[in-house]
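Novice: No sequence on hand, only this structure:
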């Protein structure tokens, strides 16, 4: 493969000096080998380099397959919140970003789902590692407000089946909603907050005590800082 350090620097968006150093380090580690072809230089992967690249590919492939097989799910009951959602949804610093990044201005309030199963609580803790739509924090004259991560989701009523059979058993009663993960909140990991363009309780005929299943969608548009 014929390529120059200038071309590599352009591909990785680094200086030519940095690109040259990377190539030297890779050669020292016996991961690439420089080959001279007439007046031009090229490079090829060594056996060790190819093996490492193959291992990375295999790991990525497994991760992608597992993420498709095991979607992120939460099961819980509708509860009354503390009123935080209505306050935060009314702040201009958030509202403008929600409109630009989610495509709608959220109803001033959140749908609150309390998780009781510890397995789902662990999934709640891991949520920060998944791709999200990032809402920047901001300051006003009184205080600083933290970032918010939004996860596209759907909600169904619990089909009263074992956990592994939850998927696709019931039609979605709420689509195009977003689960929130806040940098600053008084809630712990057993509460999920969901927003949407409408009053989610009224539009879906949900009431306190109803059991629901929240599913995080596999694709995230406008992904930032995930």
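Specialist: Yep, it's here. Not measured: the values here are computed from a predicted model. Numbers count the residues shown, from 1 in each chain.
Novice: Not counting its neighbours along the chain, what's nearest residue 183?
Specialist: Leaving aside its sequence neighbours, residue 183 sits nearest to residue 146 (Cβ to Cβ, 6 or more residues apart in numbering; 2.9 Å). Glycine gets a C-beta too; all of them are placed from N, C-alpha and C.
Novice: from memory that neighbour sits against residue 182, does it?
Specialist: Yes: taking contacts as Cβ atoms under 8 Å, residue 146 lies within contact range of residue 182: 6.4 Å.
Novice: between these two, which one's more packed in?
Specialist: Set residue 146 next to residue 182 and count neighbours by other Cβ atoms under 10 Å: residue 182 wins out with 18 against 13.
Novice: which non-adjacent residue is nearest residue 12?
Specialist: The shortest distance from residue 12 to any non-neighbouring residue, by Cβ to Cβ, 6+ apart, is to residue 19 (6.5 Å).
Novice: For the one you found, what are phi and psi?
Specialist: Main-chain torsions, residue 19, degrees, to the nearest 10: phi -60, psi -40.
Novice: show me where this protein has strands.
Specialist: Counting by DSSP state E, one finds strands in the chain at the ranges 32-37, 40-45, 73-79, 111-115, 133-135, 138-139, 144-145, 148-157, 174-182, 191-195, 211-216.
Novice: Nearest to residue 5, out of these?
Specialist: Closest to residue 5 of the strands of the chain, according to Cβ to Cβ: strand 40-45, at 9.2 Å.
Novice: Neighbours of residue 37, how many?
Specialist: Neighbour count of residue 37, defined by other Cβ under 10 Å: 8.
Novice: If I look at the residue nearest to the spatial centre of the chain, what pLDDT would I see?
Specialist: Residue closest to the average C-alpha location in the chain (Cα atoms, centre = their mean): residue 131, at 1.8 Å. Predicted confidence (pLDDT) for residue 131: 84.
Novice: do the same with residue 220
Specialist: On the pLDDT scale, residue 220 gets 58.
Novice: Could I get the full set of helices for this structure?
Specialist: Using DSSP state H, the helices of the chain run over 5-12, 16-28, 47-69, 84-89, 92-102, 118-126, 200-204.
Novice: list the contacts for residue 108?
Specialist: Shown in contact with residue 108 (Cβ atoms under 8 Å, 6 or more residues apart in numbering): 85-86, 89-90.
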